[in-house]
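A.B. asks: 3D model of this:
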Amino acid sequence: VSKSKTISGGLTYTKNLLIFSASKRVLSDNINLGANFKLLNIYADVQGTSWSTDFGVIYEANKQFRLGLLLQDFLSPQINYFHGTKYFFEEISPTVVLGASIYWKKIILSSDLRLSSELITEYRTGIEIAINDYLKIQLGMFRNTSINITGGLGLEIKKIQLQYSIIYNPYLSMSHIVAL
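C.D. replies: Predicted structure coming up:
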């Protein structure tokens, strides 16, 4: 930080998240349960590691309307940081996500609210348009401390999906996400 209290120079920040997911239809044809196990590594001036779990349920009211509930970071883990010989940690607050989606022909409209100890911490909305059986385009936005714009492409071949998305944040550089 310079004398004028402006940030000068740069900071390299990398966050790697590896997610293992599983889901299953249960009880009836309109209820799906799922779970994630996540491993997180953060590299900046310090290095941090963590693990976490999510649990979710989706209720398909009919072919056009779905409701979802996600318990994110359910076991309330912490990120363990170390820098040289110093160790410290940061608690991860559990989050509840309530969502709804509407399906119409080849278009999906979705929206959700993220609730945590700070009440509503984030609002997200988006649209996905299926160009054909293999290619999908996604556009969205979410609001937390600022408005972030997102866009992406999805490719699905024989039940295998490849997703690429980019997030624009007015205060940070572009974030790229690749998922298989």
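
A.B. asks: going forward, measure contacts between C-alpha atoms and count neighbours the same way
C.D. replies: Noted.

A.B. asks: can you give me the helices in the protein?
C.D. replies: Counting by DSSP state H, one finds no helices in the chain.

A.B. asks: Distance check, W104 against V97.
C.D. replies: According to Cα to Cα, to the nearest Å, W104 and V97 sit 23 Å apart.

A.B. asks: more crowded one of those two?
C.D. replies: Just comparing W104 and V97: by other Cα atoms under 10 Å the higher neighbour count belongs to V97, 18 against 12.

A.B. asks: How about that one, nearest residue that isn't a chain neighbour?
C.D. replies: Nearest non-adjacent residue to V97, counting by Cα to Cα, 6 or more residues apart in numbering: R114, 4.4 Å away.

A.B. asks: so where's the protein shaky on pLDDT?
C.D. replies: 1-13, 76, 118-120, 145, 171-172 (pLDDT under 70).

A.B. asks: The residue lying closest to F37 once chain neighbours are set aside: what's it in contact with?
C.D. replies: Distances taken as Cα to Cα, 6+ apart put T53 closest to F37, at 4.7 Å, once the chain neighbours are dropped. By Cα atoms under 8 Å, 6 or more residues apart in numbering, T53 lies in contact with A35, N36, F37, K38, Q72, D73, F74, L75.

A.B. asks: wouldn't the last one be in contact with P94 here?
C.D. replies: Yep, that's L75 we're talking about. Yes - when contacts are counted by Cα atoms under 8 Å, L75 is listed as touching P94 (7.3 Å).

A.B. asks: Which one's more surrounded, the two?
C.D. replies: Neighbours per residue, other Cα under 10 Å: of L75 and P94, the larger number sits with P94, 18 against 14.

A.B. asks: Touching, the more buried one and Q78? I think so.
C.D. replies: No - if you go by Cα under 8 Å, P94 and Q78 don't touch, sitting 10.6 Å apart.

A.B. asks: Now for the closest residue to Q138 other than its chain neighbours, how many residues are close by?
C.D. replies: Leaving out its chain neighbours, the residue that sits closest to Q138 by Cα to Cα, 6+ apart is E128, at 4.4 Å. Residues lying near E128 (other Cα under 10 Å) number 20.

A.B. asks: No further questions, thank you.
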